[in-house]
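S.K.: predicted coordinates and the sequence they were generated for:
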Amino acid sequence: MRSVIQQSIILPAPAEKLYAMYLDPAPHAAITGAPVTIGPNSGDPFRAFEGNLSGTILTVVAPTLIVQSWRSTHFNDNDPDSTLILTFTPHGGEGRIDLVHLDVPSQDYQGVADGWEAYYWRPWRRYLAGG
């Protein structure tokens with residue numbers, strides 16, 4: 001059975017800006033506090049948190065959709081990459097991100113599910129608030 005992590009977050013910035021921030025290494029790194037390799041094109045590599053996360057941008061539909069392969073160092077060598085789907089939509093004057101993360105192996109499921117809040121959503125809120 002496929003594992004599915006679903007989360008939604010509303011952040012105080014336009015959806016298009018959130019989309020651009022995720023795909024631009026400078027603001028992405030400023031948000032997470034760690035260097036990142038990422039780009040806006042299909043096939044661009046993804047590396048974050050000193051190589052603890054890696055993958056590839058599979059497809060983008062600017063400025064609303066990012067799909068990437070994704071894995072952490074907690075995946076076993078024989079575990080396939082998971083698939084991360086991020087959808088960006090306007091929500092009043094703010095932006096909403098809907099996350100669907102498919103096929104995270106059971107040994108890393110809870111860590112990944114909790115990690116989105118700890119390593120992305122909370123720091124992103126803080127970054128947008130200027131702190």
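M.R.: Looks like it came in fine.
S.K.: give me the low-pLDDT residue ranges for this protein?
M.R.: The model of the chain has pLDDT under 70 over residues 131.
S.K.: so which residues of it form strands?
M.R.: For the chain, applying DSSP state E gives strands covering 4-11, 36-37, 45-48, 53-61, 65-72, 82-91, 94-102.
S.K.: so which of the ones you listed gets nearest Lys17?
M.R.: With Cβ to Cβ as the measure, strand 94-102 is the member of those nearest Lys17 (6.8 Å). Just so you know, the C-beta spots here come from the backbone N, C-alpha and C atoms, and that holds for glycine as well.
S.K.: which helices and strands does that closest one pack with?
M.R.: strand 4-11, helix 15-23, strand 82-91 (3 or more Cβ pairs under 8 Å, 6 or more residues apart in numbering; DSSP states H and E).
S.K.: is the residue nearest to Ala15 when sequence neighbours are not counted bridged to anything, and to what?
M.R.: Leaving aside its sequence neighbours, Ala15 sits nearest to Gly95 (Cβ to Cβ, 6 or more residues apart in numbering; 3.5 Å). Following DSSP bridges, Gly95 is listed with bridge partners Leu11, Pro90.
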